[in-house]
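Q: Sequence and computational prediction follow.
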Amino acid sequence: VKRVRTRHFQNAKAQGIKITGLTSYDALTASIFDSAGIDFLLVGDSAGNTMLGYDTTLPVTIDELIPLTRAVSNAVRRALVVADMPFGSYETGPDEALHTAFRFMKEAGAHAVKLEGGERSAEQIRRIVSAGIPVMAHIGFTPQSEHGLGGHVIQGRGAQAERLLADARAVQQAGAFAVVLEMVPVDAARRVTEELHIPTISVGAGPHADGQLLVWTDWAGLTGGRIPKFVKQYADLRSVLTDAAQAYRADVESGVYPGPEHSYDD
Ligand code: KIV
Ligand code: NA
């Protein structure tokens, strides 16, 4: 199989073929999603919520994400692996950003990095790209700045659409190979997608983007509690695993498991 490269993203947009992405944080899901033909896997700092038990992505560190990213890049044969740069690992300037990007490329085998912010992150993107590292940008709702944005708020409504467009132009100009639009209204996402020559990747930004990305634990119905409106659940893993755990407990308590077929003879 041929690896997905950033060129594939360009070609897909040119040919009108949609790009698919999922998050992944471990080798098992990475190999499943890779075999299923998902184009790129994001080792998101959403791992803070999905894997590490934090309430937000803010506490997540580089050292926490590196082993997860390593596991995903070890497992894939085709998919492009994007490492998410955590809060506090790139904002102070291009030098810090490049240093963080080097760590994900060298220690974790990532193929690209992602960071949040439009105009405010343009210099960081430019420096990382100039070192030969592809950058996926991320604008619209950016979870690392949820306190600055006043919560989980849709970005780019009404007059804010100009702000979104300016951010989109800035990351394209800085050399990003793609841009994630998170929680953006359908029409604003369509305008950005039409204007940019790099592909847009929707996370709750409607059908007109060049690709779609979802947090796999939401997508597979593993997450407990509320999931965002934009997520379509493609499986119900939480019930599957709950049923399995209850059946196992019942079998052990009643002596049904292990049976002779699971036991070794003398
Ligand atoms: O961390 C993450 O999973 C993300 C995507 C949802 C965009 O940044
Ligand atoms: Na993220």
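A: In hand now; what should we look at? Ligands and ions are numbered 1, 2, ... in the order given.
Q: Can you say which helix or strand has residue 167 in it?
A: Applying DSSP states H and E as the criterion places residue 167 in helix 160-173.
Q: So which bits of that helix are buried?
A: Of all the residues in helix 160-173, those buried under the rule 16 or more other Cβ atoms under 10 Å are 160, 161, 164, 165, 167, 168, 169, 170, 171, 172. Where you see a C-beta, it was placed from the backbone N, CA and C, and this is true even at glycine.
Q: so which two of the residues you listed are the farthest from each other?
A: 160 and 172 (18.7 Å; Cβ to Cβ).
Q: Now render the buried residues of helix 160-173 as JSON lines, adding distance to residue 123.
A: Output for these, formatted as JSON lines (distance: Cβ to Cβ, whole Å):
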{"residue": "160", "distance to residue 123": "23"}
{"residue": "161", "distance to residue 123": "24"}
{"residue": "164", "distance to residue 123": "19"}
{"residue": "165", "distance to residue 123": "19"}
{"residue": "167", "distance to residue 123": "14"}
{"residue": "168", "distance to residue 123": "16"}
{"residue": "169", "distance to residue 123": "15"}
{"residue": "170", "distance to residue 123": "10"}
{"residue": "171", "distance to residue 123": "11"}
{"residue": "172", "distance to residue 123": "14"}
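Q: how many neighbours does residue 250 have?
A: Counted with other Cβ atoms under 10 Å, residues neighbouring residue 250 total 11.
Q: swap in residue 74?
A: Close neighbours of residue 74, defined as other Cβ under 10 Å, add up to 13.
Q: Using the three-state scheme, assign it.
A: helix (DSSP: H, G, I helix; E, B strand; the rest coil).
Q: and the gap between the residue nearest to it when sequence neighbours are not counted and ligand 2?
A: Excluding the flanking residues, the one nearest residue 74 by Cβ to Cβ, 6 or more residues apart in numbering is residue 27, at 5.9 Å. Separation of residue 27 from ligand 2 (Cβ to the ion, to the nearest Å): 20 Å.
Q: Just give me the closest of the buried residues of helix 160-173 to ligand 1.
A: residue 171 (14.0 Å; Cβ to the nearest ligand atom).
Q: I figured the closest one was touching residue 142, is that so?
A: No. Assessed by Cβ atoms under 8 Å, residue 171 is found out of contact with residue 142, at 11.9 Å.
Q: can you give me the helices in this structure?
A: 6-15, 27-35, 47-50, 62-75, 94-108, 122-130, 146-149, 160-173, 186-195, 216-219, 237-254 (DSSP state H).
Q: Out of those helices, flag the one nearest ligand 1.
A: helix 47-50 (7.2 Å).
Q: picking that back up, make a markdown table from the helices of the chain and add distance to residue 85 and mean pLDDT to it.
A: Shown next, in a markdown table, are these (distance: least, Cβ to Cβ, whole Å; pLDDT from 0 to 100):
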| stretch | distance to residue 85 | mean pLDDT |
| --- | --- | --- |
| helix 6-15 | 17 | 98 |
| helix 27-35 | 19 | 99 |
| helix 47-50 | 13 | 97 |
| helix 62-75 | 8 | 98 |
| helix 94-108 | 5 | 98 |
| helix 122-130 | 9 | 98 |
| helix 146-149 | 17 | 94 |
| helix 160-173 | 14 | 97 |
| helix 186-195 | 22 | 98 |
| helix 216-219 | 20 | 98 |
| helix 237-254 | 28 | 98 |
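Q: How many neighbouring residues does the closest residue to ligand 1 within the chain have?
A: Closest contact between the chain and ligand 1, by Cβ to the nearest ligand atom, is at residue 44 (2.3 Å). Residue 44 has 29 neighbours, counted by other Cβ under 10 Å.
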